[in-house]
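Enquirer: here is a sequence together with a model predicted from it:
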Amino acid sequence: QKEVEQDPGPLSVPEGAIVSLNCTYSNSAFQYFMWYRQYSRKGPELLMYTYSSGNKEDGRFTAQVDKSSKYISLFIRDSQPSDSATYLCAMSAGTASKLTFGTGTRLQVTL
Amino acid sequence: DTGVSQNPRHKITKRGQNVTFRCDPISEHNRLYWYRQTLGQGPEFLTYFQNEAQLEKSRLLSDRFSAERPKGSFSTLEIQRTEQGDSAMYLCASSRDSYEQYFGPGTRLTVT
C-alpha cells in the first residue's frame, strides 16, 4: 500500500463549480502538506503549503489538513477552465525532508 | 527569482548511452532535490543536496545513477548505460531552509 493515496480521476466539473480534491496518508510522521498543480508536460507548480492541522486560504483555494484522520483536502471555488490540470498532493516529515507525492488527480473544468 | 531551470528539456538517447542533465536552482536556495516522474504517477524522490553535500539517496538511485552539486550551485544528474526503463521526466526542485520546494520544468528522457 502506498504511503499517500489519491484518486487519479479524471474529475470533470462545469465552470463555476466548487471542486474538492483529497488525499489520505498512512505515515504519522508527515507534518508538512503541499498541493501542486501540474499542466501537461510541465513541472509541478506549488499552489498551497501548510504545517500541521488546520485550514489555509489563498484566493479561490482553500487547503485543509486533518491529522487525526490522516486526510487532506484542496477546495477550488468558482472553478475556471484554466484550472484544468493535474493536482498533486505532497507531504514531508521535516523541513529538509523529501516530498512523498500522491499519484495526482486530473481535473477538467468545462465551459 | 528567475525560477529553477533545467537543461536539456528533452533528451532522446539509445539504450546503453550515457546522459547528463543539469539543474540550476533558484538563487541562494541551499537545498536541491532530484525526482523522477513516470506517466500517470506522482514524482518519486531520487536524491537531495544541502549545499554541496549529498545527504540522502533513494533506493531508486541505482549504481548507474550519479549526482553532483559542485560548489553548492548547479547540480548534474548522470545516467550511465541507459535502459528503456529509465524513460521518464526528471525533475529538479530547490528550497531555502524551508519545506516549500519549487520545481523546474523537467527534462524528459526517452530511451530507444
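Expert: It's in. Given the structure is predicted, the values throughout are model-derived calculations rather than measurements.

Enquirer: interface residues of chain A facing chain B?
Expert: Residues of chain A lying close to chain B (CB under 8 Å from any CB of the partner chain) are A:4, A:6, A:8, A:32, A:34, A:36, A:41-46, A:49, A:51, A:88, A:90, A:92, A:94-104. Any C-beta I mention is one placed from the backbone N, CA and C, and that applies to glycine too.

Enquirer: 10 Å - rerun?
Expert: Within chain A, the positions lying close to chain B (CB under 10 Å from any CB of the partner chain) are A:2, A:4, A:6, A:8, A:31-34, A:36, A:38, A:41-46, A:49-51, A:86, A:88-104, A:106.

Enquirer: the chain: strands as residue ranges?
Expert: Just so you know, I chose chain A. Here chain A has its strands, by DSSP state E, at A:4-6, A:11-14, A:19-25, A:32-38, A:45-51, A:54-58, A:61-66, A:71-76, A:85-92, A:100-101, A:105-110.

Enquirer: wait, chain B
Expert: So, for chain B - with DSSP E - the strands run B:5-7, B:10-13, B:19-24, B:31-37, B:44-50, B:53-57, B:65-68, B:75-79, B:88-95, B:102-103, B:107-111.

Enquirer: spatially central, which residue of chain B would that be?
Expert: With distances taken as CA atoms, centre = their mean, B:W34 lies nearest the centre of chain B, 3.6 Å away.

Enquirer: so who does it touch?
Expert: For B:W34, the contact set (CB atoms under 10 Å, 6 or more residues apart in numbering or on different chains) comprises B:21, B:23, B:43, B:45-49, B:57-58, B:61, B:65, B:67, B:69, B:75-77, B:90-93.

Enquirer: 7 Å instead?
Expert: Counting by CB atoms under 7 Å, 6 or more residues apart in numbering or on different chains, B:W34 touches B:L46, B:T47, B:A67, B:L77, B:Y90, B:C92.

Enquirer: scan those and report the most crowded one.
Expert: B:C92 (29 neighbours; other CB atoms under 10 Å in any protein chain shown).

Enquirer: and B:P105, how close does it get to chain A?
Expert: In this view, B:P105 and chain A are 5 Å apart by CB to the nearest CB, to the nearest Å.

Enquirer: which non-adjacent residue is nearest that residue?
Expert: Ranked by CB to CB, 6 or more residues apart in numbering or on different chains and with sequence neighbours excluded, the top spatial neighbour of B:P105 is A:G43, at 4.6 Å.

Enquirer: phi, psi of that neighbour?
Expert: phi -80, psi 160 (degrees, to the nearest 10).

Enquirer: in chain A, which residue sits nearest chain B?
Expert: When scored by CB to the nearest CB, chain A has A:F101 as its residue closest to chain B, at 3.0 Å.

Enquirer: how many neighbours does the residue lying closest to that residue once chain neighbours are set aside have?
Expert: What sits nearest to A:F101 in space, not counting adjacent residues and going by CB to CB, 6+ apart, is B:G42, at 3.0 Å. Here the count is done by other CB under 10 Å, and B:G42 has 24 residues near it.

Enquirer: I figured B:G42 was touching A:G102, is that so?
Expert: Yes: at 5.4 Å, B:G42 and A:G102 qualify as touching, with contact defined as CB atoms under 7 Å.

Enquirer: any residues in contact with both of these two?
Expert: When contacts are counted by CB under 7 Å, 6+ apart, B:G42 and A:G102 have A:L88 as shared neighbours.
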